[in-house]
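>>> Turn this into a structure:
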Amino acid sequence: MLSGLRRSLMSSATHSKRLVGKVAVVTASTDGIGFAIARKLAQEGARVVVSSRKETRIKEAVRSLTDEGLSVSGVVCHVGKKEDRENLIDKAVKEYGGLDILVSNAAVNPTFGPILETPEQAWDKIYEVNIKAAAMLTASCVPHLAKRGGGSIVYVSSIGGFNPFELLGAYSVSKTALFALTKAVSRECGPKKIRVNCIAPGIIRTKFSEALWSNQPILNHLLDTIPLKRIGEPEDCAGTVSFLCSDEARYITGETIIISGGMQSRL
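Model (predicted):
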């Protein structure tokens, strides 16, 4: 059930249609931050391809968004699999005639505990999905964005990339790597008029972070570190991504925007 604040954010938002004519791909976009981003991009006029590892979730997300009159389709995609990544991009290009926006949101965290006790298999999985897949998707998308005369790429990182979460060390390291990927790719893609940016959300109310916000003592501790005195909603991230993908952000590239309610970050 949606919280009162989240319902307010969704109902009171204005949509500028600044992405009309754009085609976007958003990974891991059937719930949480990814779904909110896909929804916002579509509300702003983009045609959006959502994706997930599970077909049932894709059908639910597409049905929900198309019921709102939004231009959305979906495809199964495990970003760790090359054939799935290629199929995702091919669907967007074939169905909508091109590609303008990539939002790389997929991430995993298969382990919990001290970083030096992280199993090798967990390191491999985190690297494969959180870092390598983002880079490979980017490489596949760039030629299509260049054909359109430019475009926008946004990576979804985490404030944990600046200040590693206790007992989530390997995950946090992967999110730090996305900051470097943003800088490196933005320099290479700048001459192609492709902008590359990153967002670093703080504690957002999603299934992924439920262990943090559903435990009242932990939540109380977290709220003490957040000047706005609330945890974020997925919609709090969506507007920033929409802005970064629009022409209003045409002179912004290589940057990471923190969306944390003021939670302190450091690197």
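
>>> Would you state the strands of the stretch 1-150 of the chain in chain order?
23-26, 47-52, 72-76, 101-104 (DSSP state E, counting those that start in this stretch).

>>> Now do stretch 85-96: everything it contacts.
23-25, 27, 47, 49, 51, 73, 75, 77, 79, 99, 133, 136-137, 140-141, 144 (CB atoms under 8 Å, 6 or more residues apart in numbering). Quick note: C-beta positions are derived from backbone N, CA and C, even for glycine.

>>> Spit out the contact partners of Val241.
Val241 neighbours (CB under 8 Å, 6+ apart): 37, 40-41, 103, 154, 156, 199.

>>> ends of stretch 203-221, how far apart?
One end of stretch 203-221 sits 12 Å from the other (CA to CA, to the nearest Å).

>>> averaged over its residues, what pLDDT does that stretch have?
Summarised as a single mean, pLDDT over stretch 203-221 is 86.

>>> Can you say which of the contacts of Val241 are buried?
Neighbour counting by 16 or more other CB atoms under 10 Å classes 37, 40-41, 103, 154, 156, 199 among those as buried.

>>> Verify the contact between Ala146 and Ile194 for me.
Yes: counting by CB atoms under 8 Å, Ala146 touches Ile194, with 6.7 Å between them.

>>> neighbour-wise, which of the two wins?
Ile194 (24 against 16; other CB atoms under 10 Å).

>>> Need phi/psi at that one.
When read as degrees, to the nearest 10, the backbone of Ile194 gives phi -110, psi 120.

>>> Enumerate every residue touching it.
Contacts of Ile194 by CB under 8 Å, 6+ apart are 142, 145-146, 150-153.

>>> where does the residue nearest to Arg187 when sequence neighbours are not counted land in three-state SS?
Nearest non-adjacent residue to Arg187, counting by CB to CB, 6 or more residues apart in numbering: Gly254, 6.9 Å away. Secondary structure, DSSP: H, G, I helix; E, B strand; the rest coil: Gly254 is coil.

>>> again with the one 10 residues further on
Put simply, Gln264 is coil when judged by three-state DSSP.

>>> Check whether it really touches Asp224, as I assumed.
No: assessed by CB under 8 Å, Gln264 is found out of contact with Asp224, at 11.3 Å.

>>> which of the two has more neighbours?
Neighbours per residue (other CB under 10 Å) separate Gln264 from Asp224, with Gln264 holding more: 13 against 8.

>>> ok, so of the buried ones among the contacts of Val241, who is nearest Ser214?
Val156 (21.6 Å; CB to CB).

>>> Pull the number of nearby residues for the residue lying closest to that closest one once chain neighbours are set aside.
In space, and not counting its chain neighbours, Val156 is closest to Asn105: 4.3 Å by CB to CB, 6+ apart. By the measure other CB under 10 Å, the count of residues near Asn105 is 25.

>>> Could you do Ala180 as well?
12.

>>> What strand or helix carries it?
helix 169-189 (DSSP states H and E).

>>> between the next helix or strand after that helix and helix 169-189, how big is the angle?
Counting by DSSP H and E, the element after helix 169-189 in chain order, helix or strand, is strand 194-201. Strand 194-201 and helix 169-189 are oriented at 160 degrees to each other (axes from the mean of the first three to the mean of the last three CA atoms, to 10 degrees).

>>> before we move on, back to that, can you tell me which of the contacts of Ile194 is nearest Phe243?
Ser152 (10.1 Å).

>>> Phi first, then psi, for the closest one.
Here Ser152 shows phi and psi, under degrees, to the nearest 10, equal to phi -140, psi 140.

>>> In contact with it, which residues?
Contacts of Ser152 (CB under 8 Å, 6+ apart): 100-102, 145, 194-197, 244-246, 249.

>>> Kindly state the beta-bridge partners for it.
Ile101, Arg195 (DSSP bridges).
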